[in-house]
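Trainee: Pasting the sequence and the predicted coordinates here, then a few questions.
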Amino acid sequence: MTYAEELREKRKSSLIVVCTLGLAALFMKSVRPIWMTNLFEGTSFMSNEGLAFVLKFISYFFLGLLTAAIFFIIHLVKVIYYSIEIARQP
């Protein structure tokens, strides 16, 4: 595999993350534990089962969106970088 083909594969995978607005990156093995943590764990709110369910959902939703936004920006920069590098190849 040449360097240009390698760059095209990396750009393709980064483009998938950008097109899904970062949501594709949420299910990678290294990222999943980050957004699956509960921000409200250990607080007195978690003793009430109904409220605990709602707060857990809010926590997952907030951390998921935050993580997706970060990965969207990272992979957008990667797509631009890989496109420039591919254009430079003879």
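Mentor: Cool, the structure landed.
Trainee: drop to CA atoms for contacts and neighbour counts, all remaining ones
Mentor: Fine.
Trainee: Just the CA atoms of the helix or strand of the chain with the lowest mean pLDDT, as PDB, please.
Mentor: None of the helices or strands of the chain scores lower by mean pLDDT, DSSP states H and E than helix 32-35, at a mean of 80. Taking C-alpha atoms only, helix 32-35 is exported to PDB below (Å, rounded to 0.1, in the frame of the first residue of the first chain):
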ATOM      1  CA  ARG A  32     -17.100   4.500  25.000                       C
ATOM      2  CA  PRO A  33     -16.100   4.500  28.700                       C
ATOM      3  CA  ILE A  34     -15.800   8.300  28.600                       C
ATOM      4  CA  TRP A  35     -19.400   9.100  27.600                       C
END
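Trainee: next helix or strand past that helix?
Mentor: helix 49-88 (DSSP states H and E).
Trainee: Report all helices and strands that that following helix contacts.
Mentor: helix 3-19, helix 32-35 (3 or more Cα pairs under 8 Å, 6 or more residues apart in numbering; DSSP states H and E).
Trainee: Least confident of the ones you listed, on average?
Mentor: When the helices and strands packed on helix 49-88 are compared on mean pLDDT, helix 32-35 scores lowest, with a mean of 80.
Trainee: Name the residues of that helix that are buried.
Mentor: The neighbour-count check on helix 32-35 (16 or more other Cα atoms under 10 Å) flags residue 35 as buried.
Trainee: Which elements pack onto that helix?
Mentor: Looks like helix 32-35 contacts helix 49-88 (3+ Cα pairs under 8 Å, 6+ apart).
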